[in-house]
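Visitor: I'll drop the sequence and a predicted model, then ask my questions.
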Amino acid sequence: MTATHPAHHPHSAKMQWAGGLTTFSAVMLMIAGLLAVFRGIMAIAQDDVFVTTPNYVFKFDLTSWGWIHLVLGVIAVVVGVGLLQPAAWARGAGVAIAALVIIANFLSLPYYPVWSVVMIALSGFIIWALCVVRGDDSADTT
């Protein structure tokens, strides 16, 4: 008598890992985007949460920083939704928007330092998760 074993696909574990990292980066990008939207709204409303720095090289009006973070946040949420679906454009756009979030938070570091560092680290993890998986690994090949 022979036992029937289910076919073991050597790439299935790799595909699950890739899918998990893509989902992780999508969710984290959407969270980072929502937080950037809230931060943008706070800055546009001229909230007292932000630190004023008199002699900063990249000095912008607080309302300008608010609009920058608001727009980046909305784009990040849209790209995060695209990452949850098998959209080919979303991985490259995810890396690009996470890089822009890092740059924006670096430039606004004196205004809200602790939160800027948290967002830079979070965006770094998002970039790592999107770059560590090759495009063919995350494709569903059944």
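Guide: In hand now; what should we look at? Numbers count the residues shown, from 1 in each chain.

Visitor: C-alpha only now, for contacts and for neighbours.
Guide: Noted.

Visitor: grab the most central residue of the chain for me.
Guide: L29 (2.9 Å; Cα atoms, centre = their mean).

Visitor: which of the residues in the helix or strand bottoming out on mean pLDDT in the chain are buried?
Guide: Here the helix or strand of the chain ranked lowest by mean pLDDT, DSSP states H and E is helix 12-44, holding a mean of 81. Residues of helix 12-44 classed as buried: 15, 18-19, 21-44 (neighbour count, 16 or more other Cα atoms under 10 Å).

Visitor: try stretch 72-89
Guide: Buried residues in stretch 72-89, counted by 16+ other Cα under 10 Å: 72-84.

Visitor: distance of A36 from V114?
Guide: Distance from A36 to V114, counting by Cα to Cα, to the nearest Å: 14 Å.

Visitor: and the helices in this structure, which stretches?
Guide: Using DSSP state H, the helices found in the chain span residues 12-44, 62-84, 88-107, 113-132.

Visitor: contact partners of stretch 33-42?
Guide: 65-77 (Cα atoms under 8 Å, 6 or more residues apart in numbering).

Visitor: pLDDT-wise, what's the bottom of those?
Guide: Among the contacts of stretch 33-42, W65 carries the lowest pLDDT, at 80.

Visitor: my read is that that one contacts A43, right?
Guide: Yes. Applying Cα atoms under 8 Å, one finds W65 in contact with A43, separated by 6.8 Å.

Visitor: excluding covalently adjacent residues, which one is nearest to M28?
Guide: I126 (6.8 Å; Cα to Cα, 6 or more residues apart in numbering).
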